[in-house]
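*Asks:* Sequence and computational prediction follow.
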Amino acid sequence: MKQEYNNKKKFWIMFLILGILFFFSIIISLIIKSGEPITEYNTAIISINGPITVDENNGWFADSTTSSTTTIELIDKASKDLKVKAIIFEINSPGGSPVATDEIAVKIKSLKDKNITTVAWIRETGASGAYWIASSTDHIIANRMSIVGSIGVFGSYIEWYGLMDIYNVTYKRLVSGEYKDTGVPFRPMTEKEELYIQSKLDKLHDFFIRAVAENRNMSYAEVKILATGEIFLGSEAVNNGLVDELGSEQQVLDYIESQIGEKPITKRFFREKSFFESIMEAINKNSFYMGQGIGDRLFVNTKMRIMT
C-alpha cells in the first residue's frame with residue numbers, strides 16, 4: 001500500500017514538473033517570436049487564412065479563421081498609416097461566409113480612392129470566397145500549383161431522419177411560417193422547399209459572378225462559363241483570366257515596386273493579442289484536438305450553412 005502511495009506521489013510530482021516546463025517553454029517561445037518592431041516600411045501584409053467568418057473564432061481548440069471584422073480593422077489601420085503605399089493580401093483560404101467575403105472585398109476596393117496599391121498573393125488556396133476577395137485587388141499573383149476559383153455557392157447538409165427512423169425517434173414539427181424549419185436535418189425537404197433554397201443559392205451565385213466580372217474587367221458571360229464551382233490550378237487560372245501572373249513573393253514585390261516606384265519594405269499587420277490569448281494560442285498549437293474540437297468535427301454539417 002505504501003509503495004503504491006509513493007508511486008502515485010512520484011507520478012503527480014513528475015506531471016507537475018512537466019506542466020511547469022511546458023508552460024515556461026511557451027513563455028520563452030513567445031518572447032523569442034516577439035523580436036524587434038519594424039519601424040521602416042512602405043508595404044503592409046494582411047493574411048486571409050482559413051475559413052472566412054464574420055466574427056473571430058475564439059475557441060481554445062478552434063482552427064485558424066479570418067474574421068471580416070478584424071480584417072477590416074487591419075485594412076483601416078494600414079490605410080491610415082502614412083508610410084503604407086501598398087498592401088499585400090496573403091491568401092490561403094477555401095472561402096467561407098458570403099457576407100464576410102463581401103465585407104472584406106468592398107473594403108479592399110475602397111482603397112483605390114486612397115491610391116494604395118493592392119495585391120493578392122495566393123500561396124496555396126484562393127478558392128470560392130477567398131477568390132472573390134482576391135479579385136477585388138489590383139493584381140493577383142498565384143503559385144502555379146495553387147488552387148484557384150471554385151466560383152460557386154453551396155448550402156448542403158447531413159440529413160438524420162433515416163437514422164432516426166431506425167431508432168424510432170420522431171421529429172414533432174411546430175412552426176409559425178411555412179419555411180421556418182426548412183433545412184433542419186430531422187426531416188426531408190419538400191420539393192417546394194428545395195426550389196426555394198436553390199433560388200437563394202442561385203441569387204448568391206449571380207452576385208458572385210457579377211462581382212468577379214466587375215473586379216476582373218471581364219464580361220458576365222466570360223465569368224459564368226468559369227463559374228461551375230470548378231477549381232483551377234494557378235497555371236490554368238492565369239490562362240482563363242482569373243489570375244494576372246504566376247509566381248511567389250519575389251513577383252509580388254517586383255509588381256509593387258513597379259507601382260510605387262521604390263523598393264518594397266514589408267510589415268505584417270495583425271490583431272494584437274493579449275498575453276493570455278497568446279498563451280492559449282501556443283497551447284492550442286501544441287495540443288490535441290479535444291473537447292470542443294472533436295465535437296465541432298463530428299457535428300459540423302448537422303445544419304445547413306450557406307458558404308461561398
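*Replies:* Now that the structure is in, tell me what you want to look at.
*Asks:* Only C-alpha atoms from now on, for both contacts and neighbour counts.
*Replies:* Noted.
*Asks:* List the contacts of Tyr131.
*Replies:* Counting by CA atoms under 8 Å, 6 or more residues apart in numbering, Tyr131 makes contact with 95, 148-151.
*Asks:* which one of those has the most neighbours?
*Replies:* Using other CA atoms under 10 Å as the neighbour criterion, Val148 leads the contacts of Tyr131 with 32 neighbours.
*Asks:* Checking that one next. Helix, strand or coil?
*Replies:* strand (DSSP: H, G, I helix; E, B strand; the rest coil).
*Asks:* Quick one: the strands in the stretch 201-308 of the chain, in order.
*Replies:* Ranges of strands in the stretch 201-308 of the chain, per DSSP state E, counting those that start in this stretch, are 231-233, 245-246, 266-268.
*Asks:* My error: substitute the stretch 1-150 of the chain in the last question.
*Replies:* Using DSSP E, counting those that start in this stretch, the strands of the stretch 1-150 of the chain run over residues 43-49, 52-53, 66-67, 86-93, 117-127, 139-142, 147-149.
*Asks:* hmm, back to that, closest to Ile140 out of the strands of the stretch 201-308 of the chain?
*Replies:* Among these, strand 245-246 comes nearest to Ile140, with 6.8 Å by CA to CA.
*Asks:* what sits up against that closest one?
*Replies:* The contact list for strand 245-246 (CA under 8 Å, 6+ apart) reads 140-144, 234-235, 238.
*Asks:* Equivalent analysis for stretch 258-274, please.
*Replies:* Looking at stretch 258-274 with CA under 8 Å, 6+ apart, the contacting residues turn out to be 38, 40-47, 70, 74, 78, 85-86, 117, 253, 256-257.
*Asks:* Take it, keep the C-alpha atoms, and write them as CSV.
*Replies:* C-alpha atoms of stretch 258-274 as CSV (Å, rounded to 0.1, in the frame of the first residue of the first chain):
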residue,chain,number,x,y,z
SER,A,258,6.8,48.9,-60.4
GLN,A,259,3.7,50.6,-59.0
ILE,A,260,5.0,52.6,-56.1
GLY,A,261,8.4,53.4,-57.6
GLU,A,262,10.5,52.3,-54.7
LYS,A,263,11.8,49.0,-53.2
PRO,A,264,9.0,47.5,-51.0
ILE,A,265,9.8,47.1,-47.3
THR,A,266,7.1,44.9,-45.7
LYS,A,267,5.5,44.9,-42.3
ARG,A,268,2.9,42.3,-41.3
PHE,A,269,-0.3,43.8,-39.8
PHE,A,270,-2.2,41.6,-37.4
ARG,A,271,-4.5,41.9,-34.4
GLU,A,272,-2.6,42.4,-31.3
LYS,A,273,-3.4,39.6,-28.8
SER,A,274,-3.4,39.8,-25.1
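*Asks:* Buried residues in that stretch, which are they?
*Replies:* Buried residues in stretch 258-274, counted by 16 or more other CA atoms under 10 Å: 260, 264, 266-267, 269-270.
*Asks:* Lowest-confidence entry in those residues?
*Replies:* Lowest pLDDT of the buried residues of stretch 258-274: Phe270, 81.
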